[in-house]
Structure formats: structure tokens, C-alpha cells
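In: Just a sequence and a predicted model for now, questions to come.
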Amino acid sequence: MYSNTGNRQMSAFDQLMAAVRGSDGLYTANVDESWLQGRTAFGGLSSALIAQAMRSEIEPARRLRSLAVSFVGPAPAGNHQVALRHLRDGGSVTHIQGELRCEGEVATAINATYGKDRQSAVVVEGPAMPTSIPAPQDCMLLPFIDGLTPAFTQHFDMALASGHLPLSGGDSADFSLWLRFRDTTALTESALIALADAPPMPGLNMIKPPGVGSSLSWYLEFPNAVSAGDTADNWWFMDYRSQAGSNGYFCNYATIWSPSGVPIMFSRQVATVFEK
């Protein structure tokens, strides 16, 4: 959905999505070691694998509208199973559940809604993309350091526009950044999901090493479709904030704008930090 990639070599992400095979609610999926965050697949990938299977069972006219994710357990590198269950296929909207299962145990669970456009004269414009922000080339790139930063970050470019770096002991959790896939990648719903979960969580920038952070639950909304000129490997902008945080838990929210300046995703997350 969304993009026609033409004749080109498939990116590492596209290869994993193409490897999702199956039918009638049961699929196989693979997690490559380069997409791990510690001992488990990074949440954006495990969610994207489930969404990839879902898309194969839903007509193209029904666009992904919302995604509610629970990160239940680890999804190590290897071959796993995706199981789907259609809750309801209505005239305009499909409600569907999906699980990524690793050795029979649920690692990631999703409830998603897909819906057709409806005829309506009502339009509520989403938030405008900030204008007083530095260009990506003027921002600090978050480095990938093999063995130090999470393995999956090698697949993304992220440039910090405001706020503090992860594990810097900053005085505010809020930050903004530019982000994109490092390699040319098809702009699909699955790619959008992975892109939205790539940045470090707010709150991780307020603690110091050797602390770590982890998502418990994640909710993603898609208010607008992407534009024809948008690509996954062009710069997207994300404003990421913490609404509250205490006792090791942070309630975070974000808006993500496309390269053409349209708000494409609204994100909400409950995350934990571990100060060792």
C-alpha cells in the first residue's frame, strides 16, 4: 500500500516484510539479528510484521486507522508465527487482532482498525508542523555504535532538533527530531509503524547510564494518508513529549509529520525506565 518502489534492490526492512508468508490467519515471520533491541526485536518491527500479515487479508480501500499494541514478552531473532483473528468485517470498517508468537508464547499483541474513507464535508485540520526548527543537516545525528547502541538503529537516521540525548541526565523529557530509513524503503503502513517507534522514548534522556527503557503499550493513529511525493527514506519530523512520569513509568505522546508537512501519525505510549 501507498508506494510503488519500481525496479530496485529491496531494503533489509522490505525483505523481512516480503518474508511474511501464509494465509487464513496463520503466517510465518522472521526477526533478523540486526533488528534487535537487546535480546528482543524492537517494537516497531514486531508490530510491523503483524500489520504486514493483516494487510494481506484486508482490501486496499480500507486504510489503517488505528493500532493498539501490547509488548508482552521477548521476540528473539529467528522464525516466529503471526496469528490473526477478524473480530468484525463491517461494510466500511474491519476490526482485527494479531499476535506475534515465539515458541508458542505471545510476544506482541495488536488490535487494529482499518476503514474506508467516508463522504463528509467536515474537515478538522491537524496540528501544523513547527516552522522554527533547524534543518536536518544542522542537527546532531544520533550515532550508531556497534555493541553500544541498539542494533536496530543502524537502519535509521535520526537527527536531534531539540531536547536532550538519551541517557544524558537531562532536565526535560521532551524532544524533537528528524528521522528516516537509512536505505531506500517502500512507504507502506508497516514502514510507517517501524519509523514511528524508532526514536528513543522520552524519559530515557533524563536518566544516566547504565539505565534502560522499554515500552509497555503503544497506541498509534493515522489521521491522514501520505502524499504521492513522500518517501520512507526522506526526512520525517517528530515532536515527542512526556505528559507525566513517576515511579519508573512515563506517559508519552507524539506527532509525526511527513516530508510534505502533513501530520500522518499520532502516537501515545506507556513506557518504563530502569535506573540500574
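Out: It's in.
In: alpha carbons only for contacts and neighbour counts from here, please
Out: Noted.
In: now the helices: where do they sit in the protein?
Out: 12-18, 43-55, 189-197 (DSSP state H).
In: Check what contacts the shortest one and list those residues.
Out: Contacts of helix 12-18 from elsewhere in the structure, counted by Cα atoms under 8 Å, 6 or more residues apart in numbering, are 29-32, 48-49, 52, 185-186, 190-191.
In: Buried by neighbour count: which residues of that helix qualify?
Out: Residues of helix 12-18 classed as buried: 13-14, 16-17 (neighbour count, 16 or more other Cα atoms under 10 Å).
In: and which of these is nearest to residue 24?
Out: residue 17 (17.5 Å; Cα to Cα).
In: quick one: contacts for residue 251?
Out: Going by Cα under 8 Å, 6+ apart, residue 251 touches 242-245, 268-271.
In: Report the buried members of those.
Out: Buried among these by 16+ other Cα under 10 Å: 242, 245, 268-271.
In: Widest-spaced pair of the residues you listed?
Out: Taking Cα to Cα, no two of the buried ones among the contacts of residue 251 sit farther apart than 245 and 268, at 13.6 Å.
In: for this structure, what are the low-confidence residue spans?
Out: Scanning the chain for pLDDT under 70 picks out the ranges 1-8.
In: on that earlier part again, farthest pair within the contacts of residue 251?
Out: 245 and 268 (13.6 Å).
In: could you dump the buried residues of helix 12-18 to TSV with distance to residue 215?
Out: Shown next, in TSV, are the buried residues of helix 12-18 (distance: Cα to Cα, whole Å):
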residue	distance to residue 215
13	21
14	24
16	22
17	22
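In: just those residues now: which is nearest residue 135?
Out: residue 13 (26.2 Å).
In: Residue 67 contacts residue 98, correct?
Out: No: if you go by Cα atoms under 8 Å, residue 67 and residue 98 don't touch, sitting 10.5 Å apart.
In: ok, residue 87 - contacts?
Out: 94-97.
In: hmm, try it at 7 Å
Out: Contact partners of residue 87, counting by Cα atoms under 7 Å, 6 or more residues apart in numbering, are 95-96.
In: Relative to residue 114, how far out is it?
Out: Distance, residue 87 to residue 114, using Cα to Cα, to the nearest Å: 12 Å.
In: what does residue 11 give?
Out: 26 Å.
In: Give me the more crowded residue out of these two.
Out: More neighbours surround residue 114 than the other of residue 11 and residue 114, with 23 against 16 (other Cα atoms under 10 Å).
In: close enough to count as contact, that one and residue 62?
Out: Yes: applying Cα atoms under 7 Å as the test, residue 114 and residue 62 come out as touching, 5.1 Å apart.
In: Residue 76 touches residue 40, doesn't it?
Out: Yes: the criterion here is Cα under 7 Å, and residue 76 meets it with residue 40 at 4.6 Å.
In: Okay, residue 116 and residue 80: tell me how far apart.
Out: Residue 116 is 31 Å from residue 80, by Cα to Cα.
In: oh sorry, the question was meant for residue 232
Out: Noted for residue 232: a distance of 26 Å to residue 80, by Cα to Cα.
In: likewise residue 150?
Out: 21 Å.
In: can you check residue 114 too?
Out: From residue 114 to residue 80 the distance is 24 Å (Cα to Cα).
In: re earlier: please identify which of residue 116 and residue 80 sits among more neighbours.
Out: A count of neighbours by other Cα under 10 Å puts residue 80 above the other of residue 116 and residue 80, at 19 against 16.
In: What are the neighbouring residues in contact with the more buried one?
Out: Contacts of residue 80 (Cα under 7 Å, 6+ apart): 28-30, 101-102.
In: That one pairs with what?
Out: Under the criterion DSSP bridges, residue 80 forms beta bridges with residue 29.
In: hang on, the earlier thing: quick check: neighbours shared by residue 87 and residue 114?
Out: residue 95.
In: mind listing what the residue nearest to residue 179 when sequence neighbours are not counted touches?
Out: The shortest distance from residue 179 to any non-neighbouring residue, by Cα to Cα, 6 or more residues apart in numbering, is to residue 158 (4.4 Å). Applying Cα under 7 Å, 6+ apart to residue 158 gives the contacts 141-142, 177-180.
In: what would those look like in CSV with neighbour count and distance to residue 205?
Out: Below are the contacts of residue 158 laid out as CSV (neighbours: other Cα atoms under 10 Å; distance: Cα to Cα, whole Å):
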residue, neighbour count, distance to residue 205
141, 16, 15
142, 18, 13
177, 26, 13
178, 26, 17
179, 26, 17
180, 24, 21
